[in-house]
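A.B. asks: Here's my sequence, what's the structure:
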Amino acid sequence: MAQNVYSVNAVGYANVPMVTGFNLVANPFSVANEQLDSVLSAPPDQTVIYRFVGGTFLPPYTYYSQLPGWDPIDANSSLPLGEGAFLYAPNAFTATFVGEVAQGAPLHNAYPAGFSIKGSKVPQQAALSALGLNNPADQTVVYQFDSAGQTYKVPATFYSQLPGWDTDDPAGPVIKIGEGFWINAPSAGDWTRTFSVN
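C.D. replies: I've put the predicted structure just below:
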C-alpha cells in the first residue's frame, strides 16, 4: 500500500509595490539561482539595482528590456536571501518575488560592524523583535526608507538597558515583506530566527 508523502518545503510569492524613484528592497525567498535575472526577471526598462557590499556601493546593475536582462552580469549581479538593495524604478510597478520559504532552527543573517543593508529571511510583516532582531549590540541603529516621500524615517536605536528599541513599541519598527533597511552596528552580529510554516 502506498503511503502518504508530505513535503516540508513551502513555496510562495510576494507582490511588492515599487514607486517611481528609489525603493529599499530585500529578497524574502530562498531561490536556487540568486542572480537578478531570476529574482527580478522583468522590471521596467532601465530599472537600476544598487548593492552595498563590504562598506561600499558596487557599480549599478541596469535592466534593459531590449537585451533582455541585467547589465552587467557578473558574480555580484545577484540579490541573496536576507540582503537588501536600493532599486531605482523609472516608473511604478509591482515586483513579484517567488521562491521557497526559508525554515530552520536557526536561520542566520550575519551583518558586519558599520553599515549594511539587510532584510528579513522570512516573508512575514512584523516588528524587528518578532522577526528575531531582538538583541543586537547596544546602540545598533536601523534606518528605514520611506519610498513615498523619498526620504528616511526617524531611525530606531536598540538600547540594551531599556531593553528594546526606542520606538513607540519597544519591539521595534514594523518591517514589511520584501523591505530592505540599513543596519549600523557598533560590532558584527548574527541576526538569527527560528521559523517554521507549521
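A.B. asks: only C-alpha atoms for contact and neighbour calcs from this point on.
C.D. replies: Noted.
A.B. asks: Helices of the chain, residue ranges please.
C.D. replies: 36-39 (DSSP state H).
A.B. asks: Now do the domain split for it, please.
C.D. replies: Taking automatic domain parsing as the domain assignment, the ranges for the chain are 11-99, 102-195.
A.B. asks: a markdown table for these, including mean pLDDT and mean neighbour count?
C.D. replies: Written out in a markdown table, the entries for those read as follows (pLDDT from 0 to 100; neighbours: other CA atoms under 10 Å):
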| stretch | mean pLDDT | mean neighbour count |
| --- | --- | --- |
| domain 11-99 | 95 | 18 |
| domain 102-195 | 95 | 18 |
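A.B. asks: separation between the closest residue to Phe93 other than its chain neighbours and Thr140?
C.D. replies: Nearest in space to Phe93, with sequence neighbours left out and distances taken as CA to CA, 6 or more residues apart in numbering, is Met18 at 5.3 Å. In this view, Met18 and Thr140 are 28 Å apart by CA to CA, to the nearest Å.
A.B. asks: And Val16, by the same measure?
C.D. replies: 27 Å.
A.B. asks: What of Trp165?
C.D. replies: Taking CA to CA as the measure, Trp165 falls 9 Å from Thr140.
A.B. asks: Give me the common contacts of these two.
C.D. replies: Common contacts of Trp165 and Thr140 (CA atoms under 8 Å, 6 or more residues apart in numbering): 157-159.
A.B. asks: Give me the subset of the residues you listed lying in strands.
C.D. replies: 157-159 (DSSP state E).
A.B. asks: can you pull up the bridge partners for the closest residue to Phe22 other than its chain neighbours?
C.D. replies: Across the structure, with CA to CA, 6+ apart as the measure, the residue nearest Phe22 apart from its sequence neighbours is Tyr88 (4.4 Å). Following DSSP bridges, Tyr88 is listed with bridge partners Phe22, Val48.
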